[in-house]
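Visitor: 3D model of this:
(one chain, ligands or ions: 1)
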Amino acid sequence: MSTLRSRIIGTGSYLPERRLTNDELAAMVETTSSWIEERTGIQERRIAAPGEMTSDLAVKAAEQALQAAGIAAWELDLILVATTTPDLIFPSTATIVQKRLGADKTRIPAFDIQAVCTGFIYALTTADQFIRAGSAKRVLVIGAETFSRIINWQDRGTCILFGDGAGAVVLEAHEAVDQGILSTHIYADGSYLDLLRCTTGVSDGGSRVPGGDAQPQSTDARGVQAMLEGFGYVTMRGNEVFKRAVMALEQIVDETLEANNLSKSDVDWLVPHQANIRIINSTAKRLGMSMDQVVVTVERHGNTSAASVPLALDEAVRDGRIKPGQLVLMEAFGGGFTWGSVLVRW
Ligand code: COA
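Guide: Purely as a prediction, here's the structure:
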């Protein structure tokens, strides 16, 4: 029986020009290029230019996705931007994107979704719900980040990992039996605040009081500077995050296949969140997939948080790897913790 489903009709992406190599990082903190590559798979990442905002990256990715979909911005019914690094606390980056794309300002909603590295999966899930409910026919979903703005560039445990970028998809409602988004699965567990967080406090709009636990704990120069300037930075207990990510992703891929009565061998492509090649390898192993069936961009992009899955997806769609009729499994894990998956019949 056919049912109302969301089909991805266009993808796009954008990366800032500036490449930051491992060698450059090794000149900034106590690390080596080979350590970074061996432990994470990352060789380089992109960094937004001074003054280049998350909305700038988002608009460029969105324009490509709209062009690929063959529709104009005014035909959209909803705009969602997944980001943890919005231009401003408010208004949302989605409203800035709406104006800059020339989308309809009289009838459509636009809002941000914050689920850190799982943001794009959360946003796709939300878009799919609007479409299945009949509330929207065409939805623009963007994952865009300028994580370089919230990195402590003196912390070797985190500054080697992250990069900036944006990816986007256009979804369209259609009647289908087995095409488009087949299922979405999202979760959160707020017990792990101290394993992965941003220290941002009240000075730029957060609700916590100065001196509260959201403020940088450290009294080193960088911590004090962050407090004075009113922005926070990422802190992470990488090893523990790593273990939780592997466990959560193993569980979510099993659940996703079970929910669709599919087996591991049915999956044509894994498009994972690009945090660490070792996490990606372990999910691929769990699925019994060869790395030839996994879209990997981590070596060139690093971890671009909510942008990582749509950046990888766009690359594999544009270079012709992902073909109509194939089964594509996207998954992500991030701060919160949050995690989730989306299964698509292309
Ligand atoms: N260069 C050299 N040494 C480093 C280093 C770096 N850039 N970063 C950490 N180290 C050191 C640590 O200080 C530690 O030294 P010690 O044994 O003397 O204390 C040692 O390497 C091992 O640290 P550990 O944190 O156990 O390393 P790891 O193998 O877990 O790798 C990460 C660290 C951050 C690469 C890894 O934990 C990771 O990728 N975690 C998950 C990241 C992630 O997915 N985050 C976002 C979720 S979306």
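Visitor: helices or strands up against whichever strand or helix holds Leu20?
Guide: Element membership for Leu20, per DSSP states H and E: strand 18-21. Applying 3 or more Cβ pairs under 8 Å, 6 or more residues apart in numbering; DSSP states H and E, one finds that strand 18-21 makes contact with strand 44-47. Where you see a C-beta, it was placed from the backbone N, CA and C, and this is true even at glycine.
Visitor: could you confirm whether any residue of the strand holding Leu20 contacts the ligand?
Guide: No. Applying Cβ under 6 Å from any ligand atom, one finds strand 18-21 out of contact with the ligand, separated by at least 13.6 Å.
Visitor: residue boundaries of the helices in the chain?
Guide: 22-26, 33-40, 54-69, 93-101, 119-132, 221-229, 238-259, 277-286, 298-301, 308-318 (DSSP state H).
Visitor: which among these is found nearest to the ligand?
Guide: Comparing these against the ligand with Cβ to the nearest ligand atom, the closest turns out to be helix 238-259 (2.8 Å).
Visitor: average pLDDT across that closest one?
Guide: What helix 238-259 shows for mean pLDDT is 96.
Visitor: and it, how far out from the chain's middle?
Guide: The chain centre lies 16 Å from the centre of helix 238-259; the measure is Cα atoms, centre = their mean, to the nearest Å.
Visitor: equivalent analysis for stretch 282-295, please.
Guide: So, by Cα atoms, centre = their mean, the centroid of stretch 282-295 is 20 Å from its chain's centroid.
Visitor: and it, which residues are buried?
Guide: Under the neighbour-count criterion of 16 or more other Cβ atoms under 10 Å, stretch 282-295 has Ser282, Thr283, Ala284, Arg286, Leu287, Met289, Gln293, Val294, Val295 buried.
Visitor: re earlier: with distance to Trp269 added, can I get the helices of the chain in JSON lines?
Guide: Shown next, in JSON lines, are the helices of the chain (distance: least, Cβ to Cβ, whole Å):
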{"stretch": "helix 22-26", "distance to Trp269": "28"}
{"stretch": "helix 33-40", "distance to Trp269": "22"}
{"stretch": "helix 54-69", "distance to Trp269": "18"}
{"stretch": "helix 93-101", "distance to Trp269": "28"}
{"stretch": "helix 119-132", "distance to Trp269": "15"}
{"stretch": "helix 221-229", "distance to Trp269": "40"}
{"stretch": "helix 238-259", "distance to Trp269": "13"}
{"stretch": "helix 277-286", "distance to Trp269": "11"}
{"stretch": "helix 298-301", "distance to Trp269": "16"}
{"stretch": "helix 308-318", "distance to Trp269": "7"}
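Visitor: lowest average pLDDT across those?
Guide: Minimum mean pLDDT among the helices of the chain: helix 221-229, a mean of 49.
Visitor: hang on, the earlier thing: what comes into contact with the strand holding Leu20?
Guide: Applying Cβ atoms under 8 Å, 6 or more residues apart in numbering, the contact partners of strand 18-21 are Ser33, Gln43, Glu44, Arg45, Arg46, Ile47, Ala48, Ala49, Gly163.
Visitor: what do you get for stretch 282-290?
Guide: Contacts for stretch 282-290 (Cβ under 8 Å, 6+ apart): 246, 249-250, 253-254, 264-265, 267, 270, 272, 291, 293-294, 329, 331.
Visitor: which pair in the residues you listed has the greatest spatial separation?
Guide: Using Cβ to Cβ, the contacts of stretch 282-290 span at most 21.7 Å, a distance reached by Val246 and Ser265.
Visitor: follow-up on the earlier one: in a markdown table: the helices of the chain, plus distance to the ligand.
Guide: Below are the helices of the chain laid out as a markdown table (distance: least, Cβ to the nearest ligand atom, whole Å):
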| stretch | distance to the ligand |
| --- | --- |
| helix 22-26 | 8 |
| helix 33-40 | 4 |
| helix 54-69 | 17 |
| helix 93-101 | 20 |
| helix 119-132 | 10 |
| helix 221-229 | 16 |
| helix 238-259 | 3 |
| helix 277-286 | 6 |
| helix 298-301 | 10 |
| helix 308-318 | 9 |
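Visitor: could you export stretch 120-132 as PDB, CA atoms only?
Guide: What follows is stretch 120-132, C-alpha atoms only, in PDB (Å, rounded to 0.1, in the frame of the first residue of the first chain):
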ATOM      1  CA  PHE A 120      20.900  16.800  10.900                       C
ATOM      2  CA  ILE A 121      19.300  13.400  11.800                       C
ATOM      3  CA  TYR A 122      17.000  15.200  14.200                       C
ATOM      4  CA  ALA A 123      16.100  17.800  11.600                       C
ATOM      5  CA  LEU A 124      15.500  15.100   8.900                       C
ATOM      6  CA  THR A 125      13.200  13.300  11.400                       C
ATOM      7  CA  THR A 126      11.300  16.600  12.100                       C
ATOM      8  CA  ALA A 127      11.000  17.300   8.400                       C
ATOM      9  CA  ASP A 128       9.700  13.800   7.700                       C
ATOM     10  CA  GLN A 129       7.100  14.200  10.400                       C
ATOM     11  CA  PHE A 130       5.800  17.400   8.800                       C
ATOM     12  CA  ILE A 131       5.600  15.700   5.400                       C
ATOM     13  CA  ARG A 132       3.900  12.600   6.600                       C
END
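Visitor: no further questions, thank you.
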